[in-house]
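Asks: Here is my input; please provide its structure:
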Amino acid sequence: MTIRLLLPALWLPLLLAQDTPPQPAAQPATPAGEAKPAPRETPADQKAYNDTLKITDPAKKLEALEKLKKDFPESNFVAVVVDNAILGTLAKMPDQTAKLRQTARQMYKAAEAQDKKAAAEKHTVPNANRRASAAQSIANTLLNNNVLLKDAEGWAKKSVGAMNLPVYLAEQRESYTKRKQNIPPEEELAKRFKEQRAARVATLGQIELKLGKTKAAKALLAEAYGVNNSNVAVASALGEIAAKEGDNAKAYDYLLNARLSGRIPDSANTTFETLYKQQHNGSLEGLDAALDSEYHKRFPNPVHAEPYKPTESRSTRAVLAEVFTGAGCPPCVAADLAFDAAMERFSRKELVVVMYHQHIPAPDPITNLDTQARFKTYSGGGVPTFVIDGKKTSGGGPREFTRNRYDLIRPDIEKDLELPAEANVKVDAALSGNTVTVAANISGVKIESKDLKVQILLLEKEVRYSGENGVRFHPMVVRAMGGEKAEGYALERDGKGEFHASFDLDAVSKAIKDHLDDYEAKGHRGTSFKFKEKKFQINRGDLAVAVFVQDDKTKHVLQSAYVDLSSGAGTRSTNEAQ
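Replies: As a prediction, this is how the structure comes out:
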């Protein structure tokens, strides 16, 4: 499965969130039975940079980063990533103000030289991309670290001042032509310009607010919010300004958007909850329901999928989609919503979706040890990663990329629905008291392999949690996996057998809580943090079971099945995908 759409460079950073700095792009899945190519080695400059991330002492980190620049003077990766890392490290060192200023000037000067070189190479329009981006990066670093705010104001003004629509449009057309790609419509390019300018205006507005220039800040922030109302810092700032001015209705509306983002600052959240209590007799009762309702109104899925109509070639196969995602992963939004749309189009006898949450790039309170172990079986990497019947690919983006991701996965699902099932999977599952029991009967295996395994998964059909990427509802969350060390059950060469799994819900919940407590205690990649919620409690009325047969070596999936347990306790009807 390969990506069918070439995307402009502006959006590429949004396609994949990494647990480590960006790795080489994911390769198409290897067909069943073929040897996998050797994995690409991480380049030496990038590997050296990865090592610096493990250093927590700012002075030692700075020393390592500066050495890295000397060791790899010609590296583009170093020029972009390491310079910003040095600036960010210096901003955390109170005794390095002079060096911080000097480094900022050097970064801007280097970017200016690159722009002049580009102009000298006969670009048809004035080129100020790099210096404007450098100024914005410097301004953001100073703002986020609350240092040298007057300097930050100057850099932010440089960045905003460099935005010129006719020049931007000409640069974009030239860039697409050079890459031999179709030039997007002018209205699309103009929209991107407005969004890019809004981000820079937002930075300037936040700096002006910190400098006490409230009137100027309010105008800038309002301009930015009018283009992009999902900027949490902007919504929070405008909400707190409105609250101080006594405009509670406007303040509540701004802060509601910020709360739904999952990233609302503590002070803004306190203001929001105070406003809610004023409207509800001093109580927070009903807040979750109100947030649910507003989320559906303000952030509907961009894709409405029509029901699938089986063709004459439709087989008995139930396609399996394994999705590795993170509630704190911004580019996971498009992939998550694309699979939501796919579940709207296909029934669970046609498509079985399971979601494995990961602590990438931020801590995720829906993650557990079993989902992390499963990611390792696919060699990990970045999220979102999705695997359809064993064929692995990756790529996401913001909410507006949902249609693109959906158009990517839908044809592969429909193609697989016409491939013959290569095993019979019959499942009996029941929820009795506090225990889910599963009996999976496998027969009729059509391929010979010594590496076949049966996987039995306990799913919670929906978990509500406003993660940092703004997605509030998380479907088909894998809560536990059967087998020793959650690795499934080996299927003998005769290709048949009955496999049993039992999930004690209290034990599953405790294991998830223990993992989250331990992860919080150890810190996220060495950095201390605190979960705002720990989603270890399991809704016993919203459970399901997924079972599939897979070649553990090639990852090819032979057949899948799904059983919904949510209609009440007791024995559930058999789900026989055949």
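Asks: For the residue located most distally from the centre of the chain, which three-state class applies?
Replies: Most distant from the centre of the chain: Asp494, at 41.1 Å, with distances by C-alpha atoms, centre = their mean. Here Asp494 is coil, with the state taken from DSSP: H, G, I helix; E, B strand; the rest coil.
Asks: likewise Leu431?
Replies: Under three-state DSSP, Leu431 falls in the strand class.
Asks: Just give me the neighbour total for it.
Replies: Residues lying near Leu431 (other C-beta atoms under 10 Å) number 22. Backbone N, C-alpha and C define where each C-beta goes, glycine included.
Asks: so what's it bridging to?
Replies: Leu431 has these beta-bridge partners by DSSP bridges: Val436, Gly570.
Asks: just checking, Gly541 touches Glu462?
Replies: No. Judged on C-beta atoms under 8 Å, Gly541 makes no contact with Glu462 at a distance of 10.9 Å.
Asks: on that earlier part again, would you quantify the distance from the residue farthest from the centre of the chain to Leu452?
Replies: Per C-beta to C-beta, to the nearest Å, Asp494 is found 11 Å from Leu452.
Asks: Figure out how far stretch 505-523 is from the centre of its chain.
Replies: Here the centre of mass of C-alpha atoms in stretch 505-523, compared against the chain's by C-alpha atoms, centre = their mean, to the nearest Å, lies 22 Å away.
Asks: what about the protein, any weak spots by pLDDT?
Replies: By pLDDT under 70, the low-scoring segments of the chain are 1-16, 18-40, 122-127, 567-578.
Asks: Recalculate using a threshold of 50.
Replies: Low-confidence segments of the chain, defined by pLDDT under 50, span residues 1-14, 20-37, 568-578.
Asks: Show me it divided up by domain.
Replies: Domain segmentation of the chain under automatic domain parsing yields 9-21+43-253, 319-576.
Asks: Run through the helices of the stretch 351-500 of the chain in chain order.
Replies: Chain-ordered helices for the stretch 351-500 of the chain, with DSSP state H, counting those that start in this stretch as the definition, fall at 369-377, 402-416.
Asks: One more: the stretch 1-150 of the chain?
Replies: Assignment of helices within the stretch 1-150 of the chain using DSSP H, counting those that start in this stretch yields the ranges 44-52, 58-71, 76-77, 83-91, 97-120, 129-144, 149-161.
Asks: how about the first one: buried residues?
Replies: This points to helix 44-52. Of all the residues in helix 44-52, those buried under the rule 16 or more other C-beta atoms under 10 Å are 45-46, 48-49, 52.
Asks: still on that earlier bit, I'd like the distance between the residue farthest from the centre of the chain and Gly488.
Replies: Using C-beta to C-beta, Asp494 is found at 18 Å from Gly488.
Asks: Kindly provide the distance from the residue farthest from the centre of the chain to Glu533.
Replies: In this structure, Asp494 lies at 47 Å from Glu533, with C-beta to C-beta as the measure.
Asks: How about Lys250?
Replies: Distance from Lys250 to Glu533, by C-beta to C-beta: 28 Å.
Asks: Leu256 now?
Replies: 18 Å.
Asks: Between the two, which has more neighbouring residues?
Replies: The residue with more neighbours, out of Leu256 and Glu533, is Leu256; 21 against 14, by other C-beta under 10 Å.
Asks: if I read this right, that one contacts Tyr295, doesn't it?
Replies: No. Using C-beta under 8 Å, Leu256 and Tyr295 do not qualify as a contacting pair, with a distance of 9.7 Å.
Asks: OK, contacts around Asp83?
Replies: For Asp83, the contact set (C-beta atoms under 8 Å, 6 or more residues apart in numbering) comprises 69, 103, 107, 110.
Asks: ok, the residue lying closest to Arg259 once chain neighbours are set aside - how many residues close by?
Replies: Spatial nearest neighbour of Arg259, excluding adjacent residues (C-beta to C-beta, 6 or more residues apart in numbering): Phe272 at 5.4 Å. In terms of burial, Phe272 registers 23 neighbours under the definition other C-beta under 10 Å.
Asks: cool, and the one 5 residues further on?
Replies: Lys277 is flanked by 14 other residues according to other C-beta under 10 Å.
Asks: Likewise for Ile442?
Replies: Residues within reach of Ile442, counting by other C-beta under 10 Å, total 25.
Asks: so it makes contact with Val549?
Replies: Yes. Under the criterion of C-beta under 8 Å, Ile442 is in contact with Val549, at a separation of 6.0 Å.
Asks: any shared contact partners between these two?
Replies: With the criterion set as C-beta under 8 Å, 6+ apart, the overlap between the contacts of Ile442 and Val549 is 423, 425, 454, 491.
Asks: Most neighbours out of the residues you listed, which is it?
Replies: The most neighbours of any of these, using other C-beta under 10 Å, belong to Ala423, which has 26 neighbours.
Asks: Please tell me how far that one sits from Ser560.
Replies: When distances are taken as C-beta to C-beta, Ala423 and Ser560 turn out to be 9 Å apart.
Asks: overlap in contacts of the two?
Replies: When contacts are counted by C-beta under 8 Å, 6+ apart, Ala423 and Ser560 have Val549 as shared neighbours.
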